[in-house]
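A.B. asks: sequence and predicted structure below; questions after.
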Amino acid sequence: MATPLRVLIHGGGIGGLTLATALARRGHTVEVAELRDRLEALGVGIIQPSNALHVMREIGVLDACLEAGFEWEVLTIADPAGNTLAEIPQPRMGDAPSNNGIPRPALARILASAASAAGAKIRFGTTITDLTDDGDGVDVTLSDGSAGRWDLVVGFDGIGSPLRTRLYGDRYVPEYTGFANWRVTVPRQEQVRGVVMSTAGQAAKALLTPITDELMYLGSVFAEAADFRPDPSSAHEQLRERLAMFSGPVAEALDAITGPETVVYSRISQVTVEEPWHVGRVVLAGDAAHASTPHIAQGAAMAVEDALVLAESLDAGADLAAALDAWEARRRPRAMWVQAMSRAVLKQETGGETTPEEDELLKVGIPGAAHVLVQPY
């Protein structure tokens, strides 16, 4: 479309800020409504696989991400004692690096700075309180009392998306998988120069992921009751109990945990919006539309791909409806493949019963998935 648009993005996470940068750099007027008062409280670290780094290159922040993080190329599979069983080189998308580990707060600062530099405005501590789409535009009232009219509203507001509820009611709510993710940031061990995945059969898996020269995070997934929450006074001890079968680097990482306050616990849920991801001039993207389990490290990558492809589709579309249709036609098959593969790997690793379709996906395997996902999105 030749005419610049006025776009309101609901949610200032990784996907929302990527979209804000991509659109503002193209001359659109962009505002981001972010419920949090600041972008620091974003958990531990994150893996940026090659397809995500390709997007970072496209919006001009690749070098900043690599400088703030820890670039790596080989996935190491180890036994419970940390002895290497296999080393698997990771593929690249074009000339983007293979992988980068980065602290989430650092990535948030990079993306927020890029969005602001491109001309986007970020409103902290605000959310949508009222929204009316009359077909020609969307009238929005925010919680800070401000109001405006927008050509497009995009919900990058996460798995619990309030915007999704406005569009579809309670038809698509997060589905708890029965598993939860335990993560904690610790000093990086010298030998951890890429992700080290230590497995103890189907009993447990622990990942050590470097995110800076000085830091890495320890992550592990366990079956947990829906109402379980770690004890605030002893969460680090509860994590040690769950990983007691490991020695070597994992045990060393556990010994470095100084207290319960550093442990980040999150239940693993997923969402699939089966209807179109856009209703009129309001569209959902990222976890709001297709949240996956983290088992092939592609959740944030799908969000930033959504963002860049949406910006490209708005450039190419004859009108807004055509652009949104084209965007979803490109994104839905890939995002659904990632969601299905991630869920299949979760079942495989935890001894769950897989479907015939999931068995076919598992023949591709995690290394194969990495090669699939460095193909054009």
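C.D. replies: Thanks, I have the structure now.
A.B. asks: quick check: phi and psi at Leu308.
C.D. replies: phi -70, psi -40 (degrees, to the nearest 10).
A.B. asks: and for Ile59, the neighbour number?
C.D. replies: Using other C-beta atoms under 10 Å, Ile59 has 23 other residues around it. For glycine as for every other residue, the C-beta is placed from the backbone atoms N, C-alpha and C.
A.B. asks: quick one: residues contacting the closest residue to it other than its chain neighbours.
C.D. replies: With C-beta to C-beta, 6 or more residues apart in numbering as the criterion, Ile59 has its nearest non-adjacent residue at 4.7 Å, and that residue is Thr21. When contacts are counted by C-beta atoms under 8 Å, 6 or more residues apart in numbering, Thr21 touches Ile59, Gly60, Val61, Leu111, Ala114, Ala115, Ala118, Ala120.
A.B. asks: separation between Thr21 and Glu357?
C.D. replies: As judged by C-beta to C-beta, to the nearest Å, Thr21 and Glu357 stand 37 Å apart.
A.B. asks: the residue nearest to Ile59 should be in a helix, yeah?
C.D. replies: Yes - assigned with DSSP: H, G, I helix; E, B strand; the rest coil, Thr21 falls within a helix.
A.B. asks: re earlier: give the buried subset of the contacts of Thr21 as a ChimeraX selection command.
C.D. replies: Selecting only the buried members of the contacts of Thr21 in ChimeraX, with burial defined as 16 or more other C-beta atoms under 10 Å, works like this:
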select :59,61,111,114,115,118,120
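A.B. asks: inside strands: which ones of the contacts of Thr21?
C.D. replies: Among the contacts of Thr21, the subset assigned to strands under DSSP state E is empty.
A.B. asks: distance to Ala86 and pLDDT for the contacts of Thr21 - can I get that in a markdown table?
C.D. replies: Formatted as a markdown table, the contacts of Thr21 follow (distance: C-beta to C-beta, whole Å; pLDDT from 0 to 100):
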| residue | distance to Ala86 | pLDDT |
| --- | --- | --- |
| Ile59 | 34 | 98 |
| Gly60 | 36 | 98 |
| Val61 | 33 | 98 |
| Leu111 | 34 | 97 |
| Ala114 | 37 | 98 |
| Ala115 | 40 | 98 |
| Ala118 | 42 | 98 |
| Ala120 | 44 | 98 |
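A.B. asks: select from the contacts of Thr21 every entry located in helices.
C.D. replies: Counting by DSSP state H, the contacts of Thr21 place Leu111, Ala114, Ala115, Ala118 in helices.
A.B. asks: any chance of these in a markdown table, with distance to Glu274 too?
C.D. replies: Listed next are those as a markdown table, based on distance: C-beta to C-beta, whole Å:
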| residue | distance to Glu274 |
| --- | --- |
| Leu111 | 30 |
| Ala114 | 33 |
| Ala115 | 31 |
| Ala118 | 34 |
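A.B. asks: format the contacts of Thr21 as JSON lines; extra columns: distance to Ala225.
C.D. replies: Putting those into JSON lines (distance: C-beta to C-beta, whole Å) gives the following:
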{"residue": "Ile59", "distance to Ala225": "41"}
{"residue": "Gly60", "distance to Ala225": "45"}
{"residue": "Val61", "distance to Ala225": "40"}
{"residue": "Leu111", "distance to Ala225": "35"}
{"residue": "Ala114", "distance to Ala225": "41"}
{"residue": "Ala115", "distance to Ala225": "39"}
{"residue": "Ala118", "distance to Ala225": "45"}
{"residue": "Ala120", "distance to Ala225": "42"}
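A.B. asks: and of the contacts of Thr21, the nearest to Ser220?
C.D. replies: Leu111 (27.4 Å; C-beta to C-beta).
A.B. asks: surely that closest one and Thr18 touch.
C.D. replies: Yes - here Leu111 lies in contact with Thr18, judged by C-beta atoms under 8 Å, at a distance of 6.2 Å.
A.B. asks: ok, for Asp157, nearest residue in space, not its chain neighbours?
C.D. replies: Gly11 (3.7 Å).
A.B. asks: identify the residues contacting that neighbour.
C.D. replies: Val32, Ala33, Glu34, Leu35, Gly155, Phe156, Asp157, Gly158, Ser161, Gly286, Ala288.
A.B. asks: you'd agree Ser234 is up against Pro260?
C.D. replies: Yes - between Ser234 and Pro260 there is a contact at 5.9 Å, judged by C-beta under 8 Å.
A.B. asks: settle it for me: which of those two has more neighbours?
C.D. replies: Counted by other C-beta under 10 Å, Ser234 and Pro260 do not tie: Pro260 has more neighbours, with 17 against 14.
A.B. asks: what's the spacing between that one and Ser146?
C.D. replies: 40 Å.
A.B. asks: same deal with Asp315?
C.D. replies: 28 Å.
A.B. asks: got the contact list for Arg38?
C.D. replies: Contacts of Arg38 by C-beta under 8 Å, 6+ apart are Phe124.
A.B. asks: can you pull out the strands in the stretch 151-300 of the chain?
C.D. replies: Secondary structure of the stretch 151-300 of the chain by DSSP state E, counting those that start in this stretch: the strands cover 152-155, 175-187, 196-200, 204-210, 215-223, 263-270, 278-279, 282-284.
A.B. asks: which residues does the closest residue to Thr350 other than its chain neighbours bridge with?
C.D. replies: If the residues on either side of it in the chain are set aside, Thr350 comes closest to Gln202, at 6.1 Å by C-beta to C-beta, 6+ apart. Beta bridges link Gln202 to Ala200, judged by DSSP bridges.
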